[in-house]
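Asker: Need coordinates for the below:
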Amino acid sequence: MSEPDTETYFRFFNEIGIINQLVSNRVERMLPHGLTMSQFTVLNHFSRGLPSKSPLGLANAFQVTKGAMTNTLKQLDGKGFIAIEPHESDGRSKIVSITDRGRVAHRDALAEIAKAMSAFVEIVGRDEIDNAIPMLQKVRIWLDENRT
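Answerer: Model (predicted):
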């Protein structure tokens with residue numbers, strides 16, 4: 001194995017970090033229904049078909065504090081986008097799931113994001129974007145499986 005090229009690795013992840021910051025800022029400005037980026041990401045999590053989770057399970061999945069997740073869930077619950085129910089077997093715990101209204105809000109948000117990113121797709125091209133996705137998925141999967 002060759003010597004690590006720390007400058008290249010730094011540049012790679014630095015670009016990802018900057019892209020994340022720029023995209024998050026742009027997307028949050030256009031989200032409908034008064035959604036914040038953190039609220040949208042929770043709806044997006046459930047819209048991928050993932051099962052209901054406890055607030056702590058969601059906090060761990062998003063790598064945020066339980067307090068931060070509780071605040072986000074409280075806001076989503078107030079909008080009717082999620083349901084927070086008592087856990088079947090543990091009365092002290094809660095289970096969070098997306099509602100039909102939350103699915104509609106998520107679809108509306110995706111439509112707005114698509115409009116905002118259409119100019120980017122025209123410049124870069126659909127093929128280039130499609131070709132980049134497998135490599136980005138590898139990065140995400142590796143980072144997810146190797147959390148510290």
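
Asker: Helices of the protein, residue ranges please.
Answerer: In the chain, the helices defined using DSSP state H lie at 6-30, 37-47, 55-62, 66-78, 100-124, 126-145.

Asker: show me where pLDDT drops low in the protein?
Answerer: 1-2, 4 (pLDDT under 70).

Asker: Distance from stretch 31-39 to the middle of the chain?
Answerer: Offset of stretch 31-39 from its chain centre (CA atoms, centre = their mean, to the nearest Å): 12 Å.

Asker: How about the residue nearest the centre of the chain: what's its closest non-neighbour residue?
Answerer: With distances taken as CA atoms, centre = their mean, residue 41 lies nearest the centre of the chain, 3.4 Å away. If you skip the residues right next to it in sequence, residue 41 has residue 62 as its closest partner in space, 6.9 Å away by CB to CB, 6 or more residues apart in numbering. From N, CA and C alone the C-beta is placed, and that goes for glycine too.

Asker: Could you tell me how many residues sit around the one you found?
Answerer: 15 (other CB atoms under 10 Å).

Asker: ditto for residue 44
Answerer: Residue 44: 14 neighbours (other CB under 10 Å).

Asker: cool, and residue 19?
Answerer: Neighbour tally, residue 19, other CB under 10 Å: 10.

Asker: for the helices of the chain, which one sits closest to residue 91?
Answerer: helix 55-62 (14.9 Å; CB to CB).

Asker: Just want the angle from that closest one to helix 66-78.
Answerer: 110 degrees (axes from the mean of the first three to the mean of the last three CA atoms, to 10 degrees).

Asker: Using CSV, write out the CA atom coordinates for helix 55-62.
Answerer: Extracted C-alpha coordinates of helix 55-62, given in CSV (Å, rounded to 0.1, in the frame of the first residue of the first chain):
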residue,chain,number,x,y,z
PRO,A,55,-36.2,9.8,19.6
LEU,A,56,-32.9,8.4,20.9
GLY,A,57,-32.6,6.1,17.9
LEU,A,58,-33.1,9.1,15.6
ALA,A,59,-30.6,11.2,17.5
ASN,A,60,-28.0,8.4,17.2
ALA,A,61,-28.8,8.0,13.5
PHE,A,62,-28.3,11.7,12.9
